[in-house]
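**Student:** fold the stuff below for me.
(2 chains)
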Amino acid sequence: MAHPRHLSEPRLLQLLLIGIALAYLGLMIFLPLGAVLVQALQDGSGAWVAAVTEPDALAAVRLTLLVASIAVPLNLVFGVAASWAISKYEFRGKTLLVTLIELPFSVSPVVSGLVFVLLFGAQGWFGEWLASRDIEIIFAVPGLVLATVFVTFPFVARQLIPLMTMQGREEEEAALSLGASGWQTFWRVTLPNIRFGVLYGVLLCNARAMGEFGAVSVVSGHIRGETNTMPLQVEVLYNEYNFVAAFAVASLLAGLALVTLLLKSFLEWRHGDELAARH
Amino acid sequence: MLKVRSSRPVLPGFRLSLGITLFWLSVIVLVPLSAVFAKSATGGWDGFVAAALSERALASYRLTFGAALLGAAINCVFGLIVAWVLVRYDFPGKRALGAAVDLPFALPTAVAGIALTTLYADTGLLGRPLAALGLPVAYQPAGVVLALTFIGLPFVVRTVEPVLAEVAHETEEAATTLGATRLQTMARVIFPTLLPALATGFALAFARGAGEYGSVIFIAGNMPFRSEIAPLLIVTQLEEYDFAGAASIAVVMLLVSVAMLLVLNMLQHWQRRKG
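**Tutor:** This is a model prediction of the structure:
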């Protein structure tokens, strides 16, 4: 919708403001993004391919995919369940529950990792019990998964709660009164109504899960080829002054971020109505 | 009326869905967070104060919260301009620009960290001229501000955009008809409407920046008392097996997080009242 001309600023001021916005985003967004690509390819595409197909890099890619493939579905189930309870029923303490679900967003990633070290680390609450049974959580895959689940905890839920609250429960009640079972109602009525919201939440959840650094850094132990996810591998290579390799792995993550943004913009553009209650 | 209501089917699944929610929330969030509080108390009150309020910890809070405030403030100014431009003007490439605003949400923080460091190091594209001017950024507190400005960029834009889009033409029209200049209309009519959203964006950017780790550690230089952020101090103490010390600083950070959540809830009420 165009803004009426007489309610707008003089053309010169407009150009100035557009110029400032472009300069700011250019400096803060496009330049860093460009730097990643330039650095990754500074020794040619051969060096880039060698860096991303090196065994430790491939192990990091596999680990990142593994961790995300466990953490995202867990938070998906949780997010749908939480949104169902919060949007379809009235109960006391609902506001508090929503606030607690959002809490992980404002907790420092480092603290998000620390909590699991304090629980499951060698000196933690369950440390001795776990050690006596040879169960490894910290410095192993379960710790990485737990830390990732913590930091991505609110993503799906906060997408679906406003959406499902807006949709209400009339359609579900109609399905039930026509004889559908609870699960049938959920799969045939609720899910089709929220599918783009689910997709949107999963998309953002996955991007964060694959890119998380601080929380997994605390629980990982940085064992090469074993507990290094892609972001951790970037750090290790960078600290070894192996800049080309560090930026090569980083460029894969930047690619993931760009694909995420593209899909996100597409969903907003194509299915904006079905995500409408986003804010 | 009552009869109709009682014949309405009861939506099943309340106990199951709430059960899953509470169980998962407890296992992943509440029990782990309580472990931090418990651990910080193991040295008693004196132990907690000694760790949480040591000189080094205080210096790290000053840097962390100061840089987060500064980064959020910078984003208030530029975020407002970006939001204004995206909502009010038409120009080629606007859609791509709008999408790019969210990059700091999507780009892994470690990638942002090494990219900014490479650009702003003394040998970097921007760092070289800045250093020549006597304004080094990388490995300085200024580097922390830069990283937190990057991380907080989307918040102000994304909170202000929808509110700005809904400012009614009639209100502006009325101000103009009553003789207000364009600048007066912007400052006295539009800006006050945006204030709650702007404050919300500021608070979100601050909260995110205060806890940020990945993008900062590469560019900060990490010198104790000078360029060491509080989350890094937690990691350092953890590596020295000082679990109670790490937990004590984490408690301070968590209390700030909770305070920010309360502030944000209040801001939301303010925004709703205004809307």
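**Student:** put the alpha carbons of stretch B:139-159 into PDB.
**Tutor:** Output of stretch B:139-159 as PDB, limited to C-alpha atoms (Å, rounded to 0.1, in the frame of the first residue of the first chain):
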ATOM      1  CA  TYR B 139      40.600  -7.100  20.200                       C
ATOM      2  CA  GLN B 140      39.200  -4.100  22.000                       C
ATOM      3  CA  PRO B 141      36.000  -3.400  24.000                       C
ATOM      4  CA  ALA B 142      34.800  -1.600  20.800                       C
ATOM      5  CA  GLY B 143      34.800  -5.000  19.100                       C
ATOM      6  CA  VAL B 144      32.400  -6.300  21.700                       C
ATOM      7  CA  VAL B 145      30.000  -3.400  21.000                       C
ATOM      8  CA  LEU B 146      30.300  -4.200  17.200                       C
ATOM      9  CA  ALA B 147      29.500  -7.800  17.700                       C
ATOM     10  CA  LEU B 148      26.500  -7.100  19.900                       C
ATOM     11  CA  THR B 149      25.300  -4.400  17.500                       C
ATOM     12  CA  PHE B 150      25.300  -7.100  14.700                       C
ATOM     13  CA  ILE B 151      23.500  -9.600  16.900                       C
ATOM     14  CA  GLY B 152      20.800  -7.100  18.000                       C
ATOM     15  CA  LEU B 153      20.200  -5.700  14.500                       C
ATOM     16  CA  PRO B 154      16.900  -7.400  13.700                       C
ATOM     17  CA  PHE B 155      15.100  -6.800  16.900                       C
ATOM     18  CA  VAL B 156      14.300  -3.100  16.700                       C
ATOM     19  CA  VAL B 157      13.400  -3.300  13.000                       C
ATOM     20  CA  ARG B 158      11.100  -6.200  13.500                       C
ATOM     21  CA  THR B 159       9.300  -4.700  16.500                       C
END
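**Student:** that one: how far from the chain's middle?
**Tutor:** Offset of stretch B:139-159 from its chain centre (Cα atoms, centre = their mean, to the nearest Å): 9 Å.
**Student:** which parts of it are buried?
**Tutor:** B:139-159 (16 or more other Cβ atoms under 10 Å in any protein chain shown). Placement of C-beta: from N, CA and C, glycine included.
**Student:** what's the answer for stretch B:177-191, then?
**Tutor:** Within stretch B:177-191, the residues scored as buried using 16+ other Cβ under 10 Å are B:180, B:182, B:185-186, B:189-190.
**Student:** filter those down to the ones near chain A?
**Tutor:** Restricting these to those adjacent to chain A (criterion: Cβ under 8 Å from any Cβ of the partner chain) gives B:182, B:185-186.
**Student:** pick the one among those residues closest to A:L232.
**Tutor:** Of all those, A:L232 sits closest to B:M186, with 47.0 Å by Cβ to Cβ.
**Student:** what sits against the closest one?
**Tutor:** Applying Cβ atoms under 8 Å, 6 or more residues apart in numbering or on different chains, we find B:M186 in contact with A:E9.
**Student:** can you name the residue of the stretch 1-150 of chain B nearest chain A?
**Tutor:** Of all residues in the stretch 1-150 of chain B, B:P108 sits closest to chain A, at 3.0 Å by Cβ to the nearest Cβ.
**Student:** find the nearest non-adjacent residue to that residue, please.
**Tutor:** Distances taken as Cβ to Cβ, 6 or more residues apart in numbering or on different chains place A:G211 nearest to B:P108, at 3.0 Å, with adjacent residues excluded.
**Student:** near chain B at all, the longest helix along chain A?
**Tutor:** Identified as the longest helix of chain A according to DSSP state H is helix A:55-88. Yes: Helix A:55-88 reaches chain B (Cβ under 8 Å from any Cβ) through A:74, A:77-78, A:81-82, A:84-86, A:88.
**Student:** cool, stretch A:162-179 as well?
**Tutor:** Yes: on the criterion Cβ under 8 Å from any Cβ, stretch A:162-179 is in touch with chain B at A:169, A:172-173, A:176-177.
**Student:** report the buried residues of stretch B:54-65.
**Tutor:** By neighbour count on 16+ other Cβ under 10 Å, the buried set for stretch B:54-65 is B:57, B:59-61, B:63-65.
**Student:** the residue nearest to B:P108 and B:L25, how far apart?
**Tutor:** 24 Å (Cβ to Cβ, to the nearest Å).
**Student:** between these two, which has more neighbouring residues?
**Tutor:** A:G211 (27 against 20; other Cβ atoms under 10 Å in any protein chain shown).
**Student:** give me the low-pLDDT residue ranges for the chain?
**Tutor:** No chain was given, so I picked chain A. Applying pLDDT under 70 to chain A picks out residues A:1-6, A:276-279.
**Student:** wrong chain, I was asking about chain B
**Tutor:** Looking at chain B by pLDDT under 70, you get B:1-9, B:275.
**Student:** now with 90?
**Tutor:** By pLDDT under 90, the weakly predicted segments of chain B are B:1-12, B:43, B:93, B:95, B:166-193, B:221, B:261, B:265, B:268-275.
**Student:** what does the stretch 151-275 of chain B put close to chain A?
**Tutor:** So the stretch 151-275 of chain B meets chain A at B:153, B:162, B:169, B:172-173, B:176, B:182, B:185-186, B:207-208, B:210-214, B:218, B:230-232, B:234-235, B:238, B:241, B:243, B:246-247, B:250, B:253-254, B:257-258, B:260-261, B:265 (Cβ under 8 Å from any Cβ).
**Student:** one step back: how about residues contacting the helix or strand just after the longest helix of chain A?
**Tutor:** Later in the chain than helix A:55-88, the nearest helix or strand by DSSP states H and E is helix A:94-106. Residues outside helix A:94-106 that contact it (Cβ under 8 Å, 6+ apart) are A:82, A:86, A:112, A:150-154, A:157-158, A:161, B:21, B:25, B:29-30, B:33, B:207-208, B:211, B:257-258, B:260-261, B:265.
**Student:** now, which of those lie within helices?
**Tutor:** Short answer: these in helices (DSSP H) are A:82, A:86, A:112, A:150-151, A:157-158, A:161, B:21, B:25, B:33, B:207-208, B:211, B:257-258, B:260-261, B:265.
**Student:** of those, grab the buried ones for PyMOL.
**Tutor:** Here is the PyMOL command that selects the buried residues among these (16+ other Cβ under 10 Å):
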select buried, (chain A and resi 82+86+112+150+151+157+158+161) or (chain B and resi 21+25+33+207+208+211+257+260+261)
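**Student:** re earlier: can you add secondary structure and give the ones next to chain A among the buried residues of stretch B:177-191 back as JSON lines?
**Tutor:** Below are these laid out as JSON lines (DSSP: H, G, I helix; E, B strand; the rest coil):
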{"residue": "B:R182", "secondary structure": "helix"}
{"residue": "B:T185", "secondary structure": "helix"}
{"residue": "B:M186", "secondary structure": "helix"}
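**Student:** which one of those is nearest to chain A?
**Tutor:** Using Cβ to the nearest Cβ, those come closest to chain A at B:R182, 5.9 Å.
**Student:** burial count for A:I20?
**Tutor:** 16.
**Student:** check B:E239 too.
**Tutor:** 10.
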